[in-house]
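Asks: Sequence plus predicted model, see below.
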Amino acid sequence: MDFCFNSIYVKRKMLLPGGHFSLPDKGLYVIQGRNGTGKSLLLNALFQQQTAAGTRCVFIDQSNNRLLPGSSVIENIAFSCEEKQQQAAENKLEEQGFRYLTAHTVREMSGGEKRMTCILRGLQAENVQIFFIDEPTNDLDIRVVSSFLEMLAERAKNALILAISHDDRISGMADGIFRIADEKLSSEDVPIVSDPGTHYDFEETQQSRSDRGDCRALLAKQFSVKLISVFLCILFAIVTVYSGHSIVRSANHSLPPMRGDQIDIFIPVSEYGAEIKKASLPIAYVPFLNGETKIAEFTEALKADKSDSRNVNFTLDLPDSEMYTVYNLEYYDVFSHRSFFTAEKYFELTGETALNTNGLFDFSFSIHNSEDPALAVRKNELDAASEYYQTNSASNGKPYEPVFCTVVLHEGYTLSDFLQSDELRPMLDGNFYIRSNDTITMLNDAELFQAQKGTLLSMLICSLLVLLMEMIFSEIYMYLGRINIRVFRNMAYEPAAISKSIFRASKDRLIRTVSVLCMAAVCLGAAGYYTVQGLRISFLYWGYYLYYILIVLLTGAVVKTICRKKTLRYTDWRFR
């Protein structure tokens, strides 16, 4: 058999130059040398090179913790969950006098018992061509060493054994001895060609190794379900459902429209105005009503608005014109700080108890509104009620100030025409508010924009948190299982097969599939409910659920990549 190895370095210091040599298909060969000369690294490198070449190998290292804690002792030795193989392993233990080991659990075993269990697992493996053994007699008592030497001699008849040992009993049985000294590998029994070049690429050989068998059953006992993934999927699902509901709620709890030809103007002291203020804009925002303003700019302007801090300007005195008709509906006594309503004066003058203004404008500020056509009010009747406040003085001898008026545009005129009129220009610097269909539309858009902005930000933060937490816990998950991974590596299992089995054992794909299906069911169910309730569903509603599915699938791909990368790292002989 041909062996080759690259130059071996530790912290950029070369311990051994690369080289190659050949050994027969069977026999016992020992590697010796002082501590720190690179014996274990060399043995690991040779094991990696042979497994990459397709040779059936087993590696028995000098650690006592290379056991699978989630499996029984007999499962560790037979390295199988199948009853037939376990029974065969028990029969061999009976013959060799080690049946007593099965009476303990892995956690109850002493260091020597764990060591012997690792050796038995390796030496009982079937169809092995090369055994790599590192310091096998460490932690073993004399009686156990005697049994081990017998097994070693028996296996050397049919397979090649390459061992690191300073035990004279093993050296005395050896067919050849390698020595490492002065950064050089030498042997009196085997010719060695020193060649510092690269003999094989580790990454490529890791990917090209053939599978050694199915390790899913054993690995499933060592790696549990990742409950953190379940928790993160549920957390993200809650945020997604809440965000989707918020968008639907914002889209359907908007301000109702009003008559297209009606404009309401008022001063902050108006009682009528207080009822519609949330649907109104300060008159200083007139430039935003040109239809070209970006909603983001408008929203920022609203946040910085300080219109209420201005002094009250009592100049709301618009006369009728060919463009519009004005209805003054509320007056104010500056001295007594009281409001007086045109509708109340109308009731006093006419003796009516209700009125219907639908023929003139929308009026929704009084419980005395009526849909009865017989109560329809005419303009001259309202003008008569309004004239009382215009011709009479308030309590301090000064006139009543108009603080709320409704403007009805004549046919052919628009809000833009009204805003550019000469009568309105002097009012642009005052503390007035204006309500129309245009202001309601802009405010609805601004509210929806704010809702979208907030939910988008929460979705983004939550998705980044989920991705980050999945990465962190996947790293921890793999780190905690590194010893188990090395056990399978020592039994020459393919890293890709180990990685796939770990991924299956974590139930990651199942968790994500179930979460996606549940979220799809919630999405469609909620959409059905909203439809039955007559609510509009924004396209963003569907976008949030699609984003959830995308993030769940993305984190699954990231977790799978981490699993594969970490498995390659922990099966790498260069990993210490």
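Replies: Now that the structure is in, tell me what you want to look at.
Asks: okay, CA-based contacts and neighbour counts for the rest of this
Replies: Will do.
Asks: hang on, isn't Ile130 packed against Ala159?
Replies: Yes. Ile130 is within contact range of Ala159, at 5.9 Å (criterion: Cα atoms under 8 Å).
Asks: Which one's more surrounded, those two?
Replies: Ile130 (26 against 19; other Cα atoms under 10 Å).
Asks: what is that one paired to in the beta sheet?
Replies: Per DSSP bridges, the residues bridged to Ile130 are Cys57, Leu160.
Asks: May I have the residues that are in contact with it?
Replies: 55-58, 159-162 (Cα atoms under 8 Å, 6 or more residues apart in numbering).
Asks: and if we set it to 6 Å?
Replies: The contact partners of Ile130, taken as Cα atoms under 6 Å, 6 or more residues apart in numbering, are 57, 159-161.
Asks: do Pro319 as well
Replies: So Pro319 contacts nothing (Cα under 6 Å, 6+ apart).
Asks: would it count as being in a helix?
Replies: No. If the criterion is DSSP: H, G, I helix; E, B strand; the rest coil, then Pro319 is coil and not within a helix.
Asks: Check the gap between it and Leu15 for me.
Replies: Between Pro319 and Leu15 the computed distance is 101 Å (Cα to Cα, to the nearest Å).
Asks: Over to Ile537?
Replies: 69 Å.
Asks: which one of the two has more residues nearby?
Replies: Comparing Ile537 with Leu15 by other Cα under 10 Å, the one with more neighbours is Leu15, at 23 against 18.
Asks: This structure - how does it break down into domains?
Replies: Per automatic domain parsing, the structural domains of the chain span 2-67+109-210, 227-253+453-570, 262-435.
Asks: And the pLDDT at the spatially most central residue of the chain?
Replies: The structure's the chain has its C-alpha centroid closest to Val466; by Cα atoms, centre = their mean the separation is 2.6 Å. Among the per-residue scores, Val466 holds a pLDDT of 92.
Asks: Begin at 189 from now on, thanks
Replies: Right, with 189 as the first residue, what we last looked at is Val654.
Asks: Leaving aside the residues adjacent along the chain, what's closest to it?
Replies: Among residues not flanking Val654 along the chain, Leu420 sits closest, at 6.0 Å (Cα to Cα, 6 or more residues apart in numbering).
Asks: Could I get the phi/psi values of the one you found?
Replies: Main-chain torsions, Leu420, degrees, to the nearest 10: phi -70, psi -40.
Asks: before we move on, back to that, quick one: which helix or strand includes the residue nearest to the centre of the chain?
Replies: Assessed by DSSP states H and E, Val654 sits inside helix 625-668.
Asks: which residues sit against the helix or strand following that helix?
Replies: With elements assigned by DSSP H and E, the helix or strand that comes after helix 625-668 is helix 670-678. Contacts of helix 670-678 with the rest of the structure, by Cα under 6 Å, 6+ apart, involve 246-247, 254, 256, 759.
Asks: low-scoring pLDDT stretches of this protein, where are they?
Replies: Flagging of the chain using pLDDT under 70 yields the residue ranges 252, 384-403, 478-486, 488-502, 554-556, 761-764.
Asks: And stretch 608-617, what's buried?
Replies: Met615 (16 or more other Cα atoms under 10 Å).
Asks: Can you get me the start-to-end distance on it?
Replies: Start-to-end, stretch 608-617 (Cα to Cα) is 14 Å.
Asks: Kindly provide the distance from the residue nearest to Val654 to Val740.
Replies: 10 Å.
Asks: do the same with Phe661
Replies: Distance from Phe661 to Val740, by Cα to Cα: 15 Å.
Asks: Same question for Glu569.
Replies: Counting by Cα to Cα - Glu569 and Val740 are separated by 67 Å.
Asks: before we move on, what about His433?
Replies: Using Cα to Cα, His433 is found at 20 Å from Val740.
Asks: neighbour count winner among the two?
Replies: A count of neighbours by other Cα under 10 Å puts Val740 above the other of His433 and Val740, at 25 against 18.
Asks: Could you look up the SS state of the more buried one?
Replies: helix.
Asks: which residues sit in contact with Pro445?
Replies: So, once contact is read as Cα under 6 Å, 6+ apart, Pro445 ends up touching Asn625.
Asks: give me the element it is part of.
Replies: Applying DSSP H and E, one finds Pro445 in no helix or strand.
Asks: how about it, phi and psi?
Replies: Dihedral angles for Pro445 - degrees, to the nearest 10 - are phi -70, psi 170.
Asks: Pipe the domains of the chain into CSV and attach distance to Glu283 per row.
Replies: Formatted as CSV, the domains of the chain follow (distance: least, Cα to Cα, whole Å):
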stretch, distance to Glu283
domain 190-255+297-398, 11
domain 415-441+641-758, 23
domain 450-623, 83
